[in-house]
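Q: Whatever this is, show me its structure:
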Amino acid sequence: MHVAHLSLADFRSYARVEVPLDPGVSAFVGPNGQGKTNLVEAIGYVSTLGSHRVATDAPLIRLGAERAVVRSSVVDRARTTLVELEITAGKANRARINRSDNVRPKDVLGLLRTVLFAPEDLSLVKGDPGERRRFLDELLTARAPRLAGVRQDYERVLKQRNALLKTAAMARRAGGGKGADLSTLEVWDGHLARAGAELTAFRVRLVDALQPLVAQAYEQLAPGGGPTLLEYRSSFEGALPASREEAYQQLLEALQAVRKQETERGLTLVGPHRDELGLKLGELPAKGYASHGESWSYALALRLASYELLRADGGEPVLILDDVFAELDARRRDQLAELVAGGEQVLVTAAVPDDVPKALRGARYAVAGGAVDRL
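A: A predicted model of the protein is given here:
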């Protein structure tokens, strides 16, 4: 799989730009602030319908413009698909596939698969649990696009259930201990457990699949520095579920067990939105104990493991390395370059040519002043 052409209109700093691309390595080189990351961010957006830099779409639209348009020609097994996304702040985005308007944005998911590593990924190790949950869920969606709907269902039910619990808690405080009517809460419990069980079961299986791949990648990047261990930690007590049905029963029972605390606090206290992916290095948690270099290697190992997992599913994803090599020492830089040099398409951004390792031979683009020129 590779991107053969990228076209942007009013996306970030670009009023308009056309970038033809080839398989193999392509490096975008230019001073900071010239738009290198904007290019790979657009490709990542086609893949995930989200940005690795911001949580909302509004910053993606060029200042003064009403909307941004991203077009990408994706080649997969000799078949070319034109994907077009129109991004409008505050409104529903629009999508087209091969010029057809009869599609939803989520129909785009799966047409382009990417693995993107950027400096922000250090938060996978050092950041809050939400960063690691997002990592798992985005990888799940890349492998099985239908799970995007499961995630949306869970988030919708969670929002409705939290609203009911919040109303009950406010009524309890206002009424001197007498709460609001919670007769519908059990219905929401069922909806939450159903969507949450599916998400949890897939996450548990994903962590099991990632475990040996992360260990292998970390050993390649930092020989003798492990071992690494991934642990999926549920927000309630008990063994991890072996199936979706088991997860459903466990989640229902957990919701019943914390009912009193939830009605007092006005918040859903158990479920996949509060689960955690634990990362251990040796006997200690990586967060708080791993050095800066070890944390970088761990974050890289998570992305490289994702890359290998998607490759094993069939169809090699596009690998994006956004301003990564400048953050690594010489040994890790060379190790990473050797590991990814043979990818079907590897996109690299760098501030100066020397930041691109010699092992990554391929096309070079100069990025400056809103222009992207192939050298």
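Q: Can you spell out the domain ranges of the chain, please?
A: Per the record, the chain has its domains at 1-113+316-375, 117-314, by automatic domain parsing.
Q: Would you mind putting the ones you listed into a markdown table with mean neighbour count alongside?
A: In short, each C-beta sits where N, CA and C put it, glycine included. Listed next are those as a markdown table, based on neighbours: other CB atoms under 10 Å:
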| stretch | mean neighbour count |
| --- | --- |
| domain 1-113+316-375 | 18 |
| domain 117-314 | 18 |
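Q: In a markdown table, list the ones you listed along with mean pLDDT.
A: Written out in a markdown table, the entries for those read as follows (pLDDT from 0 to 100):
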| stretch | mean pLDDT |
| --- | --- |
| domain 1-113+316-375 | 93 |
| domain 117-314 | 91 |
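Q: All the strands of the protein, residue numbers only.
A: Residue ranges of the strands in the chain, as given by DSSP state E, are 2-11, 14-20, 24-29, 67-76, 79-88, 94-97, 114-117, 228-233, 276-281, 284-285, 318-322, 345-350, 362-368, 371-374.
Q: Just the CA atoms of stretch 287-301, as CSV, please.
A: What follows is the C-alpha trace of stretch 287-301 in CSV, where atoms were taken according to Å, rounded to 0.1, in the frame of the first residue of the first chain:
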residue,chain,number,x,y,z
LYS,A,287,6.1,5.6,33.5
GLY,A,288,8.1,7.3,36.1
TYR,A,289,11.1,4.9,36.0
ALA,A,290,12.3,4.6,32.4
SER,A,291,14.9,7.1,31.3
HIS,A,292,14.3,9.5,28.5
GLY,A,293,16.1,7.2,26.0
GLU,A,294,14.3,4.1,27.3
SER,A,295,10.9,5.9,27.0
TRP,A,296,11.7,6.8,23.4
SER,A,297,12.6,3.2,22.7
TYR,A,298,9.4,1.9,24.3
ALA,A,299,7.2,4.3,22.3
LEU,A,300,9.0,3.4,19.1
ALA,A,301,8.6,-0.3,20.0
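Q: Let the chain start at 4 from now.
A: Sounds good: first residue 4 from here, last item stretch 290-304.
Q: Just give me how far that stretch sits from the chain centre.
A: With CA atoms, centre = their mean, to the nearest Å as the basis, the distance from the averaged C-alpha position of stretch 290-304 to the chain average is 19 Å.
Q: Ok, stretch 44-57 next?
A: Relative to its chain's centre, stretch 44-57 lies at 9 Å (CA atoms, centre = their mean).
Q: Please go through this structure and pick out the longest helix.
A: As far as residue count goes, and with DSSP state H defining each element, the longest helix of the chain is helix 188-224.
Q: Can you give me every residue that contacts Leu320?
A: No, residue 320 isn't Leu; it's Pro. Counting by CB atoms under 8 Å, 6 or more residues apart in numbering, Pro320 touches 4, 116-118, 145, 310, 313-314.
Q: Export those residues as JSON lines, with columns for distance to Val86.
A: Putting these into JSON lines (distance: CB to CB, whole Å) gives the following:
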{"residue": "Met4", "distance to Val86": "12"}
{"residue": "Arg116", "distance to Val86": "12"}
{"residue": "Thr117", "distance to Val86": "12"}
{"residue": "Val118", "distance to Val86": "18"}
{"residue": "Ala145", "distance to Val86": "15"}
{"residue": "Tyr310", "distance to Val86": "21"}
{"residue": "Leu313", "distance to Val86": "18"}
{"residue": "Arg314", "distance to Val86": "21"}
